[in-house]
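need coordinates for the below:
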Amino acid sequence: MSKVPDMMELVVFATIKDLRYASGYDIEKRVPEHFPISRLSFGTIYPLLHKHKEEGNLVVFKSNGVNKRTRILYTLSPKGLEYLKNETKKLEFMLGIIELSFTKVSVPKVKRKRKIEIVA
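I've put the predicted structure just below:
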């Protein structure tokens, strides 16, 4: 099995999948609404987006935003969707192992024959 899934990557990918197209700002605003994370910084978001753009997991679009500012939007490529699916499976597998380790397993008790000593 390969490395442990990076939780921040999964959160960002799930957010992009949910929004279909998302800017770094959209991701930063959306994450606390849907995940138990207080805030995801731009210093985490943008390097992650650039890394996955280079790996072909994200497709980039430019859009005219408010005040003639160009917005850069990210969406998952087919490779990115497969990556999200595989990493989610790894995480579910690991969580299953953790859950099993905390589950109390009941072992049936075996009755033992007692030796009886007669003391005279």
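
tell me who's in contact with residue 83.
13, 52, 57 (Cβ atoms under 8 Å, 6 or more residues apart in numbering). Glycine gets a C-beta too; all of them are placed from N, C-alpha and C.

do you know how far residue 34 is from residue 15?
For residue 34, the distance to residue 15 (Cβ to Cβ, to the nearest Å) stands at 7 Å.

show me which of the contacts of residue 83 are buried.
Taking 16 or more other Cβ atoms under 10 Å as the criterion, what is buried in these is 13, 52, 57.

ok, the first one touching residue 76?
Yes - assessed by Cβ atoms under 8 Å, residue 13 is found in contact with residue 76 at 6.6 Å.

which neighbours do the two have in common?
What both residue 13 and residue 76 touch, as defined by Cβ under 8 Å, 6+ apart, is the set 57, 84.

for the longest helix anywhere in the chain, list every residue counted as buried.
Using DSSP state H, we find that the single longest helix of the chain is helix 78-102. Buried residues in helix 78-102, counted by 16+ other Cβ under 10 Å: 80, 83-84, 87.

where's the dip in pLDDT among those residues?
Among those, residue 87 has the lowest pLDDT, at 89.

could you pull out the helices for this protein?
Per DSSP H, the chain carries helices over the ranges 7-19, 24-34, 42-54, 78-102.

now those in CSV, with distance to residue 64?
Converted to CSV, the helices of the chain look like this (distance: least, Cβ to Cβ, whole Å):
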stretch, distance to residue 64
helix 7-19, 18
helix 24-34, 15
helix 42-54, 20
helix 78-102, 24
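
out of those, which is closest to residue 66?
Closest approach to residue 66 among the helices of the chain (Cβ to Cβ): helix 24-34, 11.4 Å.

residues contacting the closest one, please?
Residues outside helix 24-34 that contact it (Cβ under 8 Å, 6+ apart) are 11-12, 15-16, 18-19, 22, 37-42, 45-46, 49, 72, 74.

run the last query once more with 7 Å
11-12, 15-16, 19, 37-40, 42, 45-46, 49 (Cβ atoms under 7 Å, 6 or more residues apart in numbering).

one more: stretch 11-19?
With Cβ under 7 Å, 6+ apart as the test, stretch 11-19 has contacts from 22, 26-27, 30-31, 35, 37, 40, 45, 48, 74-76, 80, 84.
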